[in-house]
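Asker: Build the 3D model from these lines:
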Amino acid sequence: MATIEVEIEIDASIEKVWDVISDVDNEPKFWKGTKEVRNISKEGNTVNREVTIAFRDQKCLQEVKICPKKKIQAKFTKGIIKGEKTVSIITKDGKIILSTYWDIKLTGMMGMFTGMIKKHIKSGTEQAMQSIKKEIEG
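Answerer: Numbering: from 1, shown residues only. Down below sits the predicted model:
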């Protein structure tokens, strides 16, 4: 499994940060590796959806759990990626830290490329976090 963690400090209220990151349908705007999101079902704070990722336009299924003003946990349930991505809001010394943690691997024959895509996902995550920060701070 590849684990990746990226954190960024955001100068804004938890509410403002949450408003942007909790709009999970808007994910492709910030996350360049996510090309398209199609919701299949929603029950309470759980959304089941199909995500088209930039890697060979592969489709993956995700179960997204939304924990208000705390975190969004996207578990890959079917497709080329196995594992999860968690985006959390952390308060540290009166500051707001946005954290993204990946714990994933590629499935099947693609598993041998997990290490190679780790750098790519880390770079994409850093770019997404900068875009989110810019959107929130204006």
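
Asker: Within the sheet, what are the partner strands of the helix or strand encompassing residue 49, with directions?
Answerer: In this structure, residue 49 is located in strand 46-53 according to DSSP states H and E. Strand 46-53 sits in its sheet next to strand 34-43 (antiparallel), strand 59-67 (antiparallel), going by DSSP bridges.

Asker: got the ones you listed as TSV, with distance to residue 122 columns?
Answerer: In this view, the C-beta of every residue, glycine as well, is placed from N, C-alpha and C. Output for the strands paired with strand 46-53, formatted as TSV (distance: least, C-beta to C-beta, whole Å):
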stretch	distance to residue 122
strand 34-43	15
strand 59-67	19
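
Asker: Buried deepest among the ones you listed, which one?
Answerer: Mean neighbours per residue, mean count of other C-beta atoms under 10 Å, is largest over the strands paired with strand 46-53 for strand 59-67, with a mean of 17.

Asker: Could I get the full set of helices for the protein?
Answerer: 14-21, 27-30, 114-137 (DSSP state H).

Asker: Mean neighbour count, distance to residue 97 and mean pLDDT for the ones you listed - can I get that in TSV?
Answerer: Output for the helices of the chain, formatted as TSV (neighbours: other C-beta atoms under 10 Å; distance: least, C-beta to C-beta, whole Å; pLDDT from 0 to 100):
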stretch	mean neighbour count	distance to residue 97	mean pLDDT
helix 14-21	16	10	96
helix 27-30	18	17	96
helix 114-137	16	10	93
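
Asker: For the ones you listed, give me TSV that also has distance to residue 75.
Answerer: Below are the helices of the chain laid out as TSV (distance: least, C-beta to C-beta, whole Å):
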stretch	distance to residue 75
helix 14-21	17
helix 27-30	15
helix 114-137	16
